[in-house]
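# predicted model, plus sequence, below.
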Amino acid sequence: MVLAQKKDWASIEQELAAKEAELLQKEGSVLKEEHLNGYRYVPTVKVVDKASWDTFAVPHVKPSCTSENWHHKDLLFEIGEGIAYLTLNRPDVNNVLSESMAQALQDATCELHVRRDIRIVVLRAEGSMFCAGGDPKHFFDALAMSEREDRKAAIGFMKFLFWFQSLPQFTVGLAQGSAMGTGIALLCVCDMVLAASNARFTCSEVKLGFCPAAIAPSLTRKVGPAFAKRLLCMAENISAEQAKRMGLVSDVVEEESEFSDYMKEICEKVTLCAPIAAGRAKRLAQNVSNQPLTRKLLEYTGGELADIRIGEEAIKGMVAVQARVKPYWAETPIKPLY
């Protein structure tokens, strides 16, 4: 009864240990305090459960080049006025994701993370398909890898997806054609996705005996667990309109040529938004997504508000409103290249 009334389990353990020692002493056995040394596991590293806002994306590999000395052929990296374009450029093989393309995406993302002059990043592709997923050669290479190497390669791609998703710029995916497997993951980490009406989307890994583990986190975050299970477990081939209803695609256009008008409208809207504030709003939305409404969450969001409203953009923005003029960030329009 006494034990049941105690709420602290550590106190219960201490009392049980004391009673055990007392009983042993009556039998003539005396245990030293350090008698459990060498038997009780004491972890050398303390595992701390971090909140999403305490976790920061870092590059997975070292960049091999920048936009100034760009040497990749599988990915085009173009920079305009306030906007950057990343174009998957393997149309002859339906833009399957090769090692060289993955490295190119990583290199471009590393530069974009520090480019404050770029406010919109567009991910697009050449050819009839957006991306047919991972290169089939990777599956055979994985069979030759050790378990450790295979795990490292899979986690590396997932780290890249988190790295790209954490870009401070507003990212737009343009699916002019169909996407499969990891190609869908690339679209999932974009803030907005436009698709041509003839585009199809499928995760067919389970048909080949593979689990689409690298895709699952970003897809589930994008469409929710119910739709994610439908796409991942049934390998269903869905249309652009179905993808829109699920939340994978933001909007659907009849022809690829309509992307240009859409991008002009997006550029006009983003031009009016303060770049630092927009980047922090994006990170805020990602961090609070699916989080329980706890005091820790409220303290985080409250701290963000208190910090941003005394920043340079907020002060100059209010001055511009009172003076009835455009704030400095809206004076230079973002101009799409295509």
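That came in fine, so what should we check first?
# ok, now which ones touch the most centrally placed residue in the chain?
Centroid-nearest residue in the chain, with C-alpha atoms, centre = their mean: residue 162, separated by 3.3 Å. When contacts are counted by C-beta atoms under 8 Å, 6 or more residues apart in numbering, residue 162 touches 57, 189. Heads up, the C-betas are built off the backbone N, CA and C, glycines and all.
# try 7 Å this time
residue 57 (C-beta atoms under 7 Å, 6 or more residues apart in numbering).
# ok, it to residue 57 distance?
Distance from residue 162 to residue 57, counting by C-beta to C-beta, to the nearest Å: 5 Å.
# got the domain boundaries for this structure?
Domain assignment for the chain by automatic domain parsing gives 62-270, 276-330.
# can you list the buried residues in the helix or strand containing residue 77?
Here residue 77 sits within strand 75-79, counting by DSSP states H and E. Of all the residues in strand 75-79, those buried under the rule 16 or more other C-beta atoms under 10 Å are 75, 76, 77, 79.
# neighbouring contacts of that strand?
Residues from elsewhere that reach strand 75-79 (C-beta under 7 Å, 6+ apart): 67, 70, 84-89, 101, 104-105, 108, 118, 337.
# one more time with 8 Å
For strand 75-79, using C-beta under 8 Å, 6+ apart, the contacting residues are 67, 70, 84-89, 101, 104-105, 107-108, 115, 118, 337.
# ok, so of these, who is nearest residue 220?
Nearest to residue 220 among these is residue 105, at 21.5 Å by C-beta to C-beta.
# isn't there a helix covering the closest one?
Yes - Residue 105: assigned to a helix according to DSSP: H, G, I helix; E, B strand; the rest coil.
# which residues does it contact?
Contacts of residue 105 (C-beta under 8 Å, 6+ apart): 75, 86, 160, 164.
# closest one of those to residue 219?
Of the contacts of residue 105, the one sitting nearest to residue 219 (C-beta to C-beta) turns out to be residue 164, at 14.5 Å.
# quick check: mean pLDDT of the one helix or strand the closest one maps to?
Assigned by DSSP H and E, residue 164 belongs to helix 147-165. For helix 147-165, mean pLDDT rounds to 83.
# which is the next helix or strand following it?
strand 170-175.
# packing partners for that following strand?
strand 120-125, helix 182-188, strand 192-196, helix 259-271 (3 or more C-beta pairs under 8 Å, 6 or more residues apart in numbering; DSSP states H and E).
# who does it pair up with?
According to DSSP bridges, strand 170-175 has the following sheet partners: strand 120-125 (parallel), strand 192-196 (parallel).
# which residues sit against whichever helix or strand comes after that strand?
Following strand 170-175 in sequence order, the next helix or strand is strand 179-180 (DSSP H and E). For strand 179-180, the surrounding residues in contact (C-beta under 8 Å, 6+ apart) are 129-133, 186-187, 199-204.
# repeat the analysis, applying 6 Å as the threshold.
Residues from elsewhere that reach strand 179-180, judged by C-beta atoms under 6 Å, 6 or more residues apart in numbering: 130, 131, 132, 133, 187, 201, 202.
# what pLDDT is listed against the closest residue to the last one other than its chain neighbours?
Which is residue 202. Excluding the flanking residues, the one nearest residue 202 by C-beta to C-beta, 6 or more residues apart in numbering is residue 237, at 4.2 Å. You'll see residue 237 listed with a pLDDT of 96.
# what's the spacing between residue 237 and residue 194?
20 Å.
# if you count surrounding residues, which of those two has more?
residue 194 (27 against 14; other C-beta atoms under 10 Å).
# pretty sure the more buried one is touching residue 175, no?
No - with contacts defined as C-beta atoms under 6 Å, residue 194 does not count as touching residue 175, sitting 7.0 Å away.
# could you report the neighbour count for residue 278?
Neighbours of residue 278 (other C-beta under 10 Å): 18.
# quick check, pLDDT for it.
The model's pLDDT for residue 278 equals 95.
# before we move on, back to that, the residue nearest to residue 202 touches residue 201, doesn't it?
No - assessed by C-beta under 6 Å, residue 237 is found out of contact with residue 201, at 7.5 Å.
# give me the neighbour count for residue 311.
Neighbours around residue 311, by other C-beta under 10 Å: 14.
# please, which helix or strand holds the residue nearest to it when sequence neighbours are not counted?
Leaving aside its sequence neighbours, residue 311 sits nearest to residue 276 (C-beta to C-beta, 6+ apart; 6.9 Å). In this structure, residue 276 sits in helix 275-288 according to DSSP H and E.
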